[in-house]
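1. Pasted the sequence and its predicted model underneath.
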Amino acid sequence: MRDLTVLISGAGIAGPALAHWLTRHNNHPTIIERAQTIRPGGQAVDFRGAPQLEVLTRMGILDAIRQAQTHMGDIKIVDGHGRRLSSLPSAAFSGEVEILRGDLSRILHDAAPAEYLFGDSITTLTETAHGVHVTFERSAPRTFDLVVGADGIRSKIRELAFGDTPAQTRHLGMYGAIFSVPGTYGLDHEGVMYSEPARCATIVSTGGRTRAALDFAAPPLTYDHRDRARQQALVEEAFAGAGWEVPRLLRQMREAGDFYFAPAAQIVLPAYSSGRVALLGDAGHAPGPGGMGTGLALIGAYVLAGELAEADDHETAFSRYESRMRPYVTTCQRQARGADTFLVPRKKSQIWRRNQMMRLLPYMPGKSLIKRMTERAASAIDLRSYATP
């Protein structure tokens, strides 16, 4: 199919990647984003395995991503006095290419010639025989051939088109806050991590930018995802009385302009599409931490656009998209389970065992096992070639 008008909700990672490929196949994407502009900063994301790197190569952005790499070193694990206990070696836990999410978003935006509607959001979707009639908070109503939700784990498109039931979300037992902090904390292309039972604070510094992450174990919490003050209060409650640099980080969290808070969760759906609406990336199949969600999103964008180009109708394209992606998604989601037991162990004894394992890892015969297992999961898809005009 060619000359399709496609509305994409979300200008983060998956949305611009899909717009890039839709344009390559002579379609006409429009991206709508609630934020006023591309969001800067964010956590580091990486790519690993031949399929993920091949998609970046086919997009023509691999060199730009390499130029913006974090060149991140090891993350030291410290006690409450800042004394080193062990390390998380970057060779075992980082991909072949690592970049800050905001830098990747900028590169993808530059590679996606699309119409952008910033500072707006979708309010209703009404499917007709020939398209999807869409109303917006600010813009005038329009009709598109297709709509794609690439708007993250709290997807508004998923809610409108699929209904948002708790069964769709598989909670992984933890929450995390990420934000920028001033200064470097004495770090240079490296990180430091401090753990107490059920909570963990991490600081990383790359390229003169320093970011903090505060992760804590918790059952599913009820809060308004638009209520920043309430989210920060939840973090403060979880870290009350914590040692090391945590009190200072909590003060800086209140001042951070890029504060982001979210659960560690997976999205599990019986289908990735409903009528003329499809889901992409975290909106349709979030894998959770360590599940390579960024690479998964970019491969999904490539496959979805390619199947739309080859099929005679959207039903066939969406069906093929799901059949190609679901086994890969399942593998990546399986890879992410149990991340909470590593990041936020519940007991002091569990923290000690993790730290000992990391201390001994460089000397163990299977020291490359973690990296091999992750790369095996990242490569668990055969990347088709789709002809472009």
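-> That came through, no problem. What you are looking at is a predicted structure, and each value in this text was computed from that prediction instead of being measured.

2. Let me see the ranges of the helices in the protein.
-> Under the criterion DSSP state H, helices of the chain are mapped to 14-24, 50-59, 62-67, 90-93, 101-110, 156-162, 228-238, 246-255, 282-285, 293-310, 314-336, 339-343, 348-360, 369-378.

3. Compare these and give me the one nearest Gly80.
-> With CB to CB as the measure, helix 246-255 is the member of these nearest Gly80 (9.4 Å). C-beta: built from backbone N, CA, C; applies to glycine.

4. How about residues contacting the closest one?
-> 177, 179, 181-182, 194, 201, 203, 212, 214, 232, 235-236, 239, 259 (CB atoms under 8 Å, 6 or more residues apart in numbering).

5. before we move on, what about stretch 300-317?
-> So stretch 300-317 is contacted by 1-2, 4, 14, 17-18, 20-22, 24-25, 27, 55, 58-59, 145-146, 148, 150, 276, 278, 280-281, 284-285, 318, 320-321, 324-325, 383-384, 386-388 (CB under 8 Å, 6+ apart).

6. Just the CA trace of the lengthiest strand in the chain, in PDB.
-> With secondary structure taken from DSSP state E, the chain has its longest strand at strand 169-181. Output of strand 169-181 as PDB, limited to C-alpha atoms (Å, rounded to 0.1, in the frame of the first residue of the first chain):
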ATOM      1  CA  THR A 169      -0.100  -4.700  32.500                       C
ATOM      2  CA  ARG A 170       2.300  -7.200  34.100                       C
ATOM      3  CA  HIS A 171       3.800  -5.400  37.100                       C
ATOM      4  CA  LEU A 172       7.500  -6.300  37.700                       C
ATOM      5  CA  GLY A 173       7.600  -5.300  41.300                       C
ATOM      6  CA  MET A 174       9.400  -1.900  41.200                       C
ATOM      7  CA  TYR A 175       9.200   1.800  40.300                       C
ATOM      8  CA  GLY A 176      11.800   4.200  39.200                       C
ATOM      9  CA  ALA A 177      12.400   7.900  39.000                       C
ATOM     10  CA  ILE A 178      15.000   9.400  36.600                       C
ATOM     11  CA  PHE A 179      16.200  13.000  36.600                       C
ATOM     12  CA  SER A 180      19.200  15.300  35.900                       C
ATOM     13  CA  VAL A 181      21.300  16.600  38.700                       C
END
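
7. looking just at contacts, which helices and strands does that strand meet?
-> strand 209-217, helix 228-238, helix 246-255, strand 260-267, helix 339-343 (3 or more CB pairs under 8 Å, 6 or more residues apart in numbering; DSSP states H and E).

8. same thing but at 7 Å, please
-> strand 209-217, helix 246-255, strand 260-267, helix 339-343 (3 or more CB pairs under 7 Å, 6 or more residues apart in numbering; DSSP states H and E).

9. Not counting sequence-adjacent ones, nearest residue to Leu172?
-> Ala264 (4.1 Å; CB to CB, 6 or more residues apart in numbering).

10. pLDDT below threshold where in this structure?
-> 91-94, 291, 364-371 (pLDDT under 70).

11. So how do I select the buried members of the contacts of helix 246-255 in ChimeraX?
-> Paste this into ChimeraX to select the buried members of the contacts of helix 246-255, with burial taken from 16 or more other CB atoms under 10 Å:
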select :177,179,181,194,201,203,212,214,232,235,236,239,259
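
12. got the contact list for stretch 27-44?
-> By CB atoms under 7 Å, 6 or more residues apart in numbering, the residues outside stretch 27-44 that reach it are 2-11, 15-16, 18-19, 22-23, 70, 72, 98-102, 105-106, 109, 114-122, 178, 180, 211, 213, 258.

13. Now find how far off-centre that stretch is within its chain.
-> Stretch 27-44 sits 13 Å away from the centroid of its parent chain (CA atoms, centre = their mean, to the nearest Å).

14. Could you list the buried residues of that stretch?
-> 27-34, 38-39, 41-44.

15. could you dump those residues to a markdown table with distance to Val246?
-> Shown next, in a markdown table, are those (distance: CB to CB, whole Å):
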| residue | distance to Val246 |
| --- | --- |
| Asn27 | 49 |
| His28 | 49 |
| Pro29 | 43 |
| Thr30 | 43 |
| Ile31 | 38 |
| Ile32 | 38 |
| Glu33 | 33 |
| Arg34 | 31 |
| Ile38 | 31 |
| Arg39 | 25 |
| Gly41 | 21 |
| Gly42 | 21 |
| Gln43 | 19 |
| Ala44 | 21 |
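
16. And the residues you listed, which two are furthest apart?
-> His28 and Ala44 (33.3 Å).

17. What residue, apart from its backbone neighbours, is nearest Val344 spatially?
-> Val344's closest residue in space is Ala217 (CB to CB, 6+ apart), at 4.5 Å.

18. next one: Asp120
-> Using CB to CB, 6+ apart, the nearest residue to Asp120 is Arg138, at 4.6 Å.

19. That neighbour contacts Phe118, doesn't it?
-> No: counting by CB atoms under 7 Å, Arg138 stays clear of Phe118, with 10.2 Å between them.

20. So between the two, which is more surrounded?
-> Phe118 (13 against 10; other CB atoms under 10 Å).

21. returning to that earlier point: pull the residues that contact the longest strand of the chain.
-> If you take CB under 7 Å, 6+ apart as the criterion, strand 169-181 is touched by 41-43, 209-218, 220-221, 235, 249, 252-253, 256, 258-268, 288, 339-340, 343-344.

22. so how far is Pro197 from the residue nearest to Val344?
-> Note on Ala217: its distance to Pro197, by CB to CB, to the nearest Å, is 8 Å.

23. Need the overlap of contacts for the two.
-> In contact with both Ala217 and Pro197: Arg346, using CB under 7 Å, 6+ apart.

24. where along the stretch 1-150 of the chain do the strands fall?
-> Ranges of strands within the stretch 1-150 of the chain are 5-9, 28-33, 44-47, 75-78, 84-88, 97-100, 115-118, 122-127, 132-136, 142-144, 146-149, based on DSSP state E, counting those that start in this stretch.
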